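S.K.: Take a look and give me a structure for this.
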Amino acid sequence: MYGRFYNLLENEVSYKMIELPFAEASDVLGDIKERLKAMKPTPVNFYPYLKRVLNEQYEKLKPQYPKDIKIPKDTAHLLRQDFEPEYVIHLEDVPRMEDGTPMWFETSEDQCWLRFGYNNMDARFISDQKLSMEYIRATCSTISAVA
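M.R.: Coordinates of the predicted model:
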């Protein structure tokens, strides 16, 4: 692991390898485990949350398969009004994680869903914030202008 160090007297930044022996690392990791038990509100663990979101959304949307996913060409082609896809990915059935959890079935044609945990910290309701196309286009335009 590398650490970033600032030398304020010489106004320079250096990167040095940080060495942490296993004995010390195991104490640090053990301390984190104990701290997590006492945290309020309880942290949202990624994989259980992800599986719940994917399963609930799959049941809610009931996506139809087979399905074609059209990948657009680069911006230069799009600006020349060439809207034919660069690639078409044909899916016979919903892709699934190793444990069978369905994934990659929502669409971003008119909005993009953001899943940030739970609504008002109530675990009964998964966050369902969304970005409309106006926000997505504005973000993409800003990124394109900066790049």
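
S.K.: Show me how the record splits the protein into domains.
M.R.: 2-106, 107-147 (automatic domain parsing).

S.K.: looking at those domains, which one has the lowest mean pLDDT?
M.R.: Of all those, domain 107-147 carries the lowest average pLDDT, namely a mean of 68.

S.K.: okay if I get the domains of the chain as a markdown table plus mean neighbour count?
M.R.: Backbone N, C-alpha and C define where each C-beta goes, glycine included. As requested, those are arranged in a markdown table below (neighbours: other CB atoms under 10 Å):
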| stretch | mean neighbour count |
| --- | --- |
| domain 2-106 | 11 |
| domain 107-147 | 11 |
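
S.K.: do you know how far E106 is from K33?
M.R.: With distances taken as CB to CB, to the nearest Å, E106 is found 34 Å from K33.

S.K.: ditto for M121
M.R.: Remark: distance between M121 and K33 (CB to CB) = 23 Å.

S.K.: repeat for K51
M.R.: Summarising the geometry, the distance separating K51 from K33, computed by CB to CB, is 22 Å.

S.K.: and if you look at N120?
M.R.: 28 Å.

S.K.: how about the helices of the protein, start to end?
M.R.: Read by DSSP state H, the chain holds these helices, from start to end of the chain: 22-38, 46-61, 75-79, 133-146.

S.K.: Work out the gap between the first one and the centre of the chain.
M.R.: When C-alpha coordinates are averaged (CA atoms, centre = their mean, to the nearest Å), helix 22-38 and its chain have centres 26 Å apart.

S.K.: elements contacting that helix?
M.R.: Taking 3 or more CB pairs under 8 Å, 6 or more residues apart in numbering; DSSP states H and E as the contact definition, helix 22-38 has no neighbouring helices or strands.

S.K.: Now do stretch 106-119: everything it contacts.
M.R.: Counting contacts by CB atoms under 8 Å, 6 or more residues apart in numbering, the residues outside stretch 106-119 that touch it are 44, 49, 53, 57, 61, 124-133, 136.

S.K.: Go again with 7 Å.
M.R.: Identification of contacts with stretch 106-119 by CB atoms under 7 Å, 6 or more residues apart in numbering yields 44, 53, 57, 61, 125-133, 136.

S.K.: wait, isn't K67 in contact with L91?
M.R.: Yes: taking CB atoms under 7 Å as the definition, K67 is a contact partner of L91 at 5.0 Å.
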